[in-house]
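Novice: got a structure for you, letters missing:
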């Protein structure tokens, strides 16, 4: 029993070291696979916020931005004017667990 507990502890330490080595650029340490799963769930939320901030910063610094509104690509100027660039096909919703192979 004690030997199993020691093996389990050693295995956990090895996993933690591997995870921390892999994610050592983060400002905090990863200790479990559950934490990695939770971080992966946060990626879409973080990406949305980052894009929103980049959009705002770009306009604030006098640059125009390209965006899609109602299946149309627009250039948004710093004064708020919109220049239509191109109509596009509607976006499709993807099932994140489904694999799609492009040929």
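Specialist: Received, thanks. All of these numbers come straight from a predicted model, not from anything done at the bench. Numbers count the residues shown, from 1 in each chain.

Novice: what helices or strands is the helix ranked longest in the chain leaning on?
Specialist: The longest helix of the chain (DSSP state H) is helix 33-60. The contact analysis (3 or more Cβ pairs under 8 Å, 6 or more residues apart in numbering; DSSP states H and E) places helix 33-60 against helix 2-22, strand 65-69. Where you see a C-beta, it was placed from the backbone N, CA and C, and this is true even at glycine.

Novice: show me what the shortest one is in contact with.
Specialist: Strand 65-69 is contacted from outside by 55, 58, 59, 73, 74, 75, 76, 82, 85, 88, 91, using Cβ atoms under 8 Å, 6 or more residues apart in numbering.

Novice: now the last one: how far from residue 68?
Specialist: Distance, residue 91 to residue 68, using Cβ to Cβ, to the nearest Å: 8 Å.

Novice: also residue 85?
Specialist: Per Cβ to Cβ, residue 85 is found 10 Å from residue 68.

Novice: can you list residues touching both of those two?
Specialist: Shared contacts of residue 85 and residue 68, defined by Cβ under 8 Å, 6+ apart, are found at residue 74.

Novice: weakest of the helices and strands packed on helix 33-60 by average pLDDT?
Specialist: Of all these, the minimum mean pLDDT falls on helix 2-22 (a mean of 63).

Novice: before we move on, back to that, tell me the average confidence for the longest helix of the chain?
Specialist: 82.

Novice: now swap in stretch 86-103 and tell me
Specialist: Throughout stretch 86-103, pLDDT has a mean value of 82.
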